[in-house]
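Peer 1: Build me a model:
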Amino acid sequence: MHLAHAEKPSIRRMEAQDRRKYRRVNWAVRVRGLTGSGEEFTCTTIDVCAGGLRINLARPLSQGENLVLYIDEIGRVEGVVARVLNEIGYAIQLTVPPRKRDKIADMLTWLINRDRLELTDEREGERRPGGGQIIARYNGVSIACAVADVSIFGVALKTAGPRPMIGDRVQIGERAGSCVRYIEGGFAVDFRTLHGTDI
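Peer 2: Prediction:
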């Protein structure tokens, strides 16, 4: 009894730290799960971050209950029920090693940018930032580019075509940014410098 009371504040502190550290992504995907007692279930995610996720599940779970989850695009992860949100909603704190957590963060970064940047995924195996093909528009032309690296705040592109000037506005899918520097065979765009979709 005393142990249960001691665990809950710790879980809440970890969850609060994760909210500050990791960006939460609205992402609805079907999840297969297993409770600590071996009962199987399926649920749907509400949102996900590298430190945890919120799910809708039509069966009761208890705070502090251990779970094993199988999530498309991420794989097998373990977690604990951090909070009961409502009759069907639960906040799950992931209990994964730092390397796995970084991998999840990378995957979520890709998912955030994939649709908004209209990325064409040509990769096989594990998905990681970079490796897609896009069309970048600047100075009235459309240039085919390969994604060298992508983050929430920007993207590094490689192209055989002409590069924009430093400071030029660049449109990629829904997102617009500025060319902030050159890289070998390409250039980098920062989305924090501009807003809007017209170019």
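Peer 1: Please look at residue 55 and residue 90 and confirm they touch.
Peer 2: Yes: using CB atoms under 8 Å, residue 55 is in contact with residue 90, at 5.5 Å. Heads up, the C-betas are built off the backbone N, CA and C, glycines and all.
Peer 1: Need the residues touching each of the two.
Peer 2: Here residue 55 and residue 90 have no joint contacts, going by CB atoms under 8 Å, 6 or more residues apart in numbering.
Peer 1: What's the end-to-end length of stretch 179-188?
Peer 2: The straight-line separation of the ends of stretch 179-188 (CA to CA, to the nearest Å) is 6 Å.
Peer 1: Which of the helices and strands in this protein ranks last by mean pLDDT?
Peer 2: Using mean pLDDT, DSSP states H and E, the weakest-scoring helix or strand in the chain turns out to be helix 2-21, at a mean of 47.
Peer 1: next helix or strand past that one?
Peer 2: strand 25-26 (DSSP states H and E).
Peer 1: The closest residue in space to residue 191 that isn't next to it in sequence: how many residues sit nearby?
Peer 2: Closest residue to residue 191 apart from its sequence neighbours, by CB to CB, 6 or more residues apart in numbering: residue 177 at 4.0 Å. Burial measure for residue 177: 22 neighbouring residues, criterion other CB atoms under 10 Å.
Peer 1: isn't residue 177 right next to residue 170, touching?
Peer 2: Yes: counting by CB under 8 Å, residue 170 is a contact partner of residue 177 at 5.7 Å.
Peer 1: burial of the closest residue to residue 25 other than its chain neighbours, as a residue count?
Peer 2: Distances taken as CB to CB, 6+ apart put residue 108 closest to residue 25, at 5.0 Å, once the chain neighbours are dropped. Neighbourhood size, residue 108 [other CB under 10 Å]: 21.
Peer 1: dump the residue contacts of residue 108.
Peer 2: Residues in contact with residue 108 (CB under 8 Å, 6+ apart) are 23, 25, 27, 48-50.
Peer 1: Neighbour-wise, which one of the residues you listed leads?
Peer 2: Greatest neighbour count in those, by other CB under 10 Å, goes to residue 48: 28 neighbours.
Peer 1: May I have the beta-bridge partners of that one?
Peer 2: With DSSP bridges as the criterion, residue 48 is bridged to residue 25, residue 53.
Peer 1: What residues does it make contact with?
Peer 2: Residue 48 sits next to 24-25, 27, 54, 71, 108 when contact means CB under 8 Å, 6+ apart.
Peer 1: repeat that for 10 Å
Peer 2: 22-29, 31, 54-55, 71, 73-74, 92, 94, 104, 107-108, 111 (CB atoms under 10 Å, 6 or more residues apart in numbering).
Peer 1: The one helix or strand residue 156 maps to: which residues count as buried?
Peer 2: Taking DSSP H and E as the definition, residue 156 sits inside strand 154-158. For strand 154-158, a neighbour-count test (16 or more other CB atoms under 10 Å) marks 154-157 as buried.
Peer 1: Mind checking what secondary structure the residue nearest the centre of the chain has?
Peer 2: For the chain, the residue nearest the mean C-alpha position is residue 108 (1.5 Å; CA atoms, centre = their mean). Assigned with DSSP: H, G, I helix; E, B strand; the rest coil, residue 108 falls in the helix class.
Peer 1: Perfect, I'm done here.
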